[in-house]
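**Q** please work out how this folds:
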Amino acid sequence: MKLTVLQLKYLEINLSIFGVNAVATQEQRDAVYDIYNALTKQKKKPNSCGRCWRNVKGHVYKQYLKQKEE
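**A** As a prediction, the model looks like this:
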């Protein structure tokens, strides 16, 4: 599955989320989880698990970079 144009634009505007020690708002976390769920057809929800957040964020960012190269 690919990111939509709207999702790509959202990620471009919010690239700071993907920084090493970046702090994301709850709204940003919800949006990244929504994008992840659309990509993977899963139903993950934001929680307090830091590792889960890193994995979701990493998956979305890799797809973003992949599509930006195309």
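
**Q** and the contacts of the lengthiest helix in the chain?
**A** The helix spanning the most residues in the chain, taking DSSP state H as the definition, is helix 50-69. By C-beta atoms under 8 Å, 6 or more residues apart in numbering, the list of residues contacting helix 50-69 from outside reads 2-3, 8, 11, 17-18, 29, 32-33, 35-36, 39-40, 44, 46. Where C-beta positions appear, they are placed from N, C-alpha and C, glycine not excepted.

**Q** tell me the spacing between the nearest residue to S16 once chain neighbours are set aside and W53.
**A** Nearest residue to S16, sequence neighbours excluded (C-beta to C-beta, 6 or more residues apart in numbering): A22, at 5.6 Å. Note on A22: its distance to W53, by C-beta to C-beta, to the nearest Å, is 11 Å.

**Q** who has more neighbours, those two?
**A** A direct count of neighbours by other C-beta atoms under 10 Å for A22 and W53 places W53 higher, at 16 against 12.

**Q** the more buried one and H59, how far apart?
**A** Taking C-beta to C-beta as the measure, W53 falls 11 Å from H59.

**Q** next one: S16
**A** Counting by C-beta to C-beta - S16 and H59 are separated by 18 Å.

**Q** who's more crowded, these two?
**A** Per other C-beta under 10 Å, whichever of S16 and H59 has more neighbours is H59, with 15 against 10.

**Q** fine by me, thanks again.
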